[in-house]
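Chemist: predicted coordinates and the sequence they were generated for:
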Amino acid sequence: MTPALKVDGLCWHPKGNRVLDDVSFELASGQMLGLIGPNGAGKSSLLRCLYRYLRPDSGRISLEGQDISQVSRRDFARSVAVVQQDTPHFFDLSTRAQVAMGLIPHKGWFEQDRAADGERVDAALAQVGLSDKADTPFEQLSGGEKQRALIARAIVQRPGLLLLDEPTNHLDVRYQIQILELVRSLGISVICSIHDLNLASALCDSLLLLERGRTVAWGTPDEVLTEARLAAVFGVCCSVSPHPQHGKPQLQYFYGYRDQGRRN
Ligand SMILES: Nc1ncnc2c1ncn2[C@@H]1O[C@H](COP(=O)(O)OP(=O)(O)OP(=O)(O)O)[C@@H](O)[C@H]1O
């Protein structure tokens, strides 16, 4: 079966700096892949290549078997939704209007809004717990509320692939779990960068561990999150055991790094 996304030998070397170096992986349709790795590992850069903000120097990215460089702008906007790390500025837009922007790729020129559009927007606002903020200006939302509104916009867009750059940034612990569970329940293919390894383990089907732009491991959370690998890549000591509820790896960190100097 054709994977939803296939990345082959991806390299991005701005000014000779090997930010992404020979990265390859696949994502099966409807699965959720977590991008993990230390600061500066290349997670955001990889996502930017996937949503065509950056042009890789070499390698191939295929969406449903088609090279993404060959996909029209409109078709790409219909199939791929992106929630970026820094919330963009939408001055004067209400939260509802901001979420409704997810409808744009599906509309023709001069096409009027239909009743179903409003229902879809309201349903997405309810899914992320923002119904009571629908008429609030987007700029007045808190950081976590903005993040949730942008996820609602992506839901309205009905993409086949959803790319999220640190979606749990700014979210309190309940919303971290709730939003990732919601994203997972959409039944679409998802790639998200995530720093919380326990959250990544619990909610992702597979993980891609990057370090200095290279793939260290790609596989199930069980295969990727080993004590030795976490010590080598993140420079932390932890014990890994099955989570009492879902059985996937749960990390417990040990402390006392203050006098060990800088990692890099
Ligand atoms: N346009 C650019 N030109 C040169 N180097 C860049 C450019 N953009 C990013 N980098 C470098 O690429 C490396 C990877 O950055 P990136 O933001 O992709 O990492 P990350 O894994 O998302 O980091 P973090 O976890 O801190 O968000 C960093 O060293 C960064 O300085």
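Modeler: Nice, I can see it. Just so it is clear, the model here is predicted, and its values are computed rather than measured. Residues are numbered from 1 along each chain as shown.
Chemist: up against the ligand, what does the stretch 1-150 of the chain have?
Modeler: Pro14, Lys15, Asn17, Val19, Gly37, Asn39, Gly40, Ala41, Gly42, Lys43, Ser44, Ser45 (C-beta under 6 Å from any ligand atom). Quick note: C-beta positions are derived from backbone N, CA and C, even for glycine.
Chemist: what's Gly187 in contact with, if anything?
Modeler: Going by C-beta atoms under 8 Å, 6 or more residues apart in numbering, Gly187 touches Gly30.
Chemist: element containing it, please.
Modeler: Using DSSP states H and E, Gly187 sits within no helix or strand.
Chemist: between the two ends of stretch 76-89, how far is it?
Modeler: Start and end residues of stretch 76-89 are separated by 23 Å (C-alpha to C-alpha, to the nearest Å).
Chemist: tell me the buried residues in that stretch?
Modeler: Buried residues in stretch 76-89, counted by 16 or more other C-beta atoms under 10 Å: Phe76, Ala77, Arg78, Ser79, Val80, Ala81, Val82, Val83, Gln84, Thr87.
Chemist: which among these gets closest to the ligand?
Modeler: Relative to the ligand, the closest of those is Gln84; by C-beta to the nearest ligand atom it sits at 11.4 Å.
Chemist: Leu203 is in contact with Ile179, isn't it?
Modeler: No - contact criterion C-beta atoms under 8 Å: Leu203 and Ile179 do not qualify, at 9.9 Å.
Chemist: ok, now which ones touch the closest residue to Leu27 other than its chain neighbours?
Modeler: Nearest residue to Leu27, sequence neighbours excluded (C-beta to C-beta, 6 or more residues apart in numbering): Leu5, at 4.4 Å. By C-beta under 8 Å, 6+ apart, the contact set of Leu5 is Glu26, Leu27, Leu50, Ile61, Ser62, Leu63, Leu161, Ser189, Ile191.
Chemist: just give the number of residues close to Ala126.
Modeler: Per other C-beta atoms under 10 Å, the neighbour tally for Ala126 reads 13.
Chemist: give me the phi and psi angles of it.
Modeler: phi -70, psi -40 (degrees, to the nearest 10).
Chemist: now the buried residues of stretch 76-89 as TSV including pLDDT?
Modeler: TSV is the format used below for the buried residues of stretch 76-89 (pLDDT from 0 to 100):
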residue	pLDDT
Phe76	94
Ala77	91
Arg78	90
Ser79	94
Val80	96
Ala81	95
Val82	95
Val83	93
Gln84	88
Thr87	68
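Chemist: now, those that are in helices?
Modeler: Residues of the buried residues of stretch 76-89 located in helices (DSSP state H): Phe76, Ala77, Arg78, Ser79.
Chemist: let me know whether the last one touches Gly160 as I believe.
Modeler: Yes - applying C-beta under 8 Å as the test, Ser79 and Gly160 come out as touching, 4.7 Å apart.
Chemist: joint contacts of the two?
Modeler: Applying C-beta under 8 Å, 6+ apart, one finds that Ser79 and Gly160 are jointly contacted by Leu63, Glu64.
Chemist: quick one: Tyr257 from Gly235, how far?
Modeler: 8 Å (C-beta to C-beta, to the nearest Å).
Chemist: now swap in Leu125 and tell me
Modeler: For Leu125, the distance to Gly235 equals 42 Å [C-beta to C-beta].
Chemist: looking at those two, which has the bigger crowd around it?
Modeler: The neighbour comparison of Leu125 against Gly235 (other C-beta under 10 Å) goes to Leu125, with 24 against 13.
Chemist: average pLDDT across the helix or strand harbouring that one?
Modeler: Following DSSP H and E, the helix or strand that holds Leu125 is helix 115-127. Mean per-residue pLDDT for helix 115-127: 88.
Chemist: ditto for stretch 60-70
Modeler: Per-residue scores along stretch 60-70 average to 96.
Chemist: who touches that stretch?
Modeler: 2-10, 49-50, 52, 71, 76, 79-80, 160-161.
Chemist: just the buried ones among those, please.
Modeler: By neighbour count, with 16+ other C-beta under 10 Å, the contacts of stretch 60-70 hold 3-7, 10, 49-50, 52, 71, 76, 79-80, 160-161 as buried.
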